[in-house]
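> Pasting the sequence and the predicted coordinates here, then a few questions.
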Amino acid sequence: MDFRTTRLVLLFVFLTSVAIASDPGVAGDIRAVPPKKTEQLDTLTGNLSQQLITTFSIVAYDPVTGDYGIAVQSKYFAVGDVVPFAKANIGALATQARGNPLHGPEAMKLIAKAVPAQQVIERLLAADPLASSRQLGVVDAAGRPATYTGDQCLPWAGGTIGKHYAAQGNLLAGPHVIKAMAATYEATSGDLATRLVLAIEAGQAAGGDARGRQSAAVLVVRKKAGYLGLNDRHINLHVEDHVTPIRELKRLLNIRHAQLAAVETASYLDRVDGAKKAERKTLIKRARRAAERGIRLYKGDDYLWWLTARARWMDDDRAGAEEAGRAALLLSPSWTRLPEKTRAELGLPETLVAALRQSDGFRALWDSLATKDTVE
């Protein structure tokens, strides 16, 4: 989603939120709870006020990709360490208010046994002495959502469900925070992580956590989508302490998407040599599009610039390849001081270096950045 579209969505959400806030009768399927005294809870548990995770979150399933994810923001340090939990091909859960990290693994066990989301919540809370102060959002393996707000969560507290998602929050500026998240999630398109982050951004624009903001996180799982395919953490980003945590989370998400674009680019380029002529041309075009999409998201990745240079050179764009190579060198001059073998292992073939050095301008820049103590 481009900047202009994002602004229009947020404007729509803001106007919707104002209307909802001014009309108590407009509540849709928001489930709220009235404030209650907490003396009984304090007697049972002691004073646990420092552990309260006042926050808002959205849990969702993407039926196109099969991804599950959660995004959350709070005036609580490192909220991503407690609230989100998800397992690829199983489901996702947010646990907050008095969050219980044990709910995550237990919920996944229940969902794996085909227990529906609503019943998952009921079973989790059946023997929980703090059930009245918990808040949960769940999406199960079939994409069915459920949300729960205990009657001793701090007001305003409540949640709503929609197609494949559940949004919830406690100690919020009002029900319009939840409405804003739901409206934005439904109105946006794109990958799941982006939609989730835009949803909590809208929630913040509508007032967010009544105490303020400090941390945020987004987690999206996909089977074998993590590092080297060894885990399922497709997107797993945390902002632990920041003045504008969602803004910082969006910046990190752009970097992660650029990193994924680099992986995609390399996968195309690595198949070029063994491809037939027609397929070779298609692979090069796809590699170039992926690389340049990544660069638009994040211009600070020197490796991505080298991949862009490589794709452009293969696409007979000599000037464009040289431009990308210069950008990579200026970001990280140390490439000139690495042994050829090391550069090749890092993804910069010497054939590309030699080709780019045919240009007087590129060669002059390379040589000026190289030093006499080059590693041998």
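Structure received.
> now the helices: where do they sit in the stretch 201-350 of the chain?
For the stretch 201-350 of the chain, the helices defined by DSSP state H, counting those that start in this stretch occupy 245-269, 277-297, 302-314, 318-331, 340-345, 350-356.
> And the contacts of stretch 94-109?
The contact list for stretch 94-109 (CB atoms under 8 Å, 6 or more residues apart in numbering) reads 48, 51-55, 57-59, 70, 72, 74, 82-85, 87, 90-91, 93, 120, 124, 128, 130, 133-138, 149-150, 153-154, 157, 166, 168-170. For glycine as for every other residue, the C-beta is placed from the backbone atoms N, C-alpha and C.
> swap in stretch 273-283?
Counting by CB under 8 Å, 6+ apart, residues outside stretch 273-283 touching it are 268, 269, 271, 272.
> Of those residues, which is the nearest to residue 324?
residue 269 (13.3 Å; CB to CB).
> Quick one: neighbours of residue 249, just the number.
For residue 249, the neighbour count with other CB atoms under 10 Å is 27.
> typo on my end, residue 118
16.
> Isn't it up against residue 147?
No - counting by CB atoms under 8 Å, residue 118 stays clear of residue 147, with 9.3 Å between them.
> Pop the domain breakdown of the protein in here.
With domains defined by automatic domain parsing, the chain comprises 3-243, 260-369.
> For residue 263, give its distance to residue 294.
Separation of residue 263 from residue 294 (CB to CB, to the nearest Å): 9 Å.
> When these two are compared, which one has more neighbours?
A direct count of neighbours by other CB under 10 Å for residue 263 and residue 294 places residue 294 higher, at 27 against 11.
> mind listing what the more buried one touches?
Taking CB under 8 Å, 6+ apart as the test, what residue 294 contacts is 257, 258, 259, 260, 261, 262, 265, 301, 304, 308.
> Most neighbours among those residues, which one?
residue 308 leads the contacts of residue 294 on contacts (other CB under 10 Å) with 29 neighbours.
> ok, now which ones touch it?
Residue 308 makes contacts with 265, 288, 291, 292, 294, 295, 321, 324, as judged by CB under 8 Å, 6+ apart.
> What is the burial count for the closest residue to residue 264 other than its chain neighbours?
Distances taken as CB to CB, 6 or more residues apart in numbering place residue 290 nearest to residue 264, at 4.4 Å, with adjacent residues excluded. For residue 290, the count of nearby residues is 24 (other CB under 10 Å).
> Tell me how far residue 290 lies from residue 114.
38 Å.
> got it, and residue 324?
Counting by CB to CB, the gap from residue 324 to residue 114 is 50 Å.
> So between the two, which is more surrounded?
residue 324 (25 against 10).
> Make a ChimeraX selection of the buried ones in the contacts of stretch 273-283.
Applying 16 or more other CB atoms under 10 Å to the contacts of stretch 273-283, the buried members can be selected in ChimeraX as follows:
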select :268,269,272
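> Please look at residue 88 and residue 219 and confirm they touch.
No - at 11.2 Å, residue 88 does not count as touching residue 219 under the criterion of CB under 8 Å.
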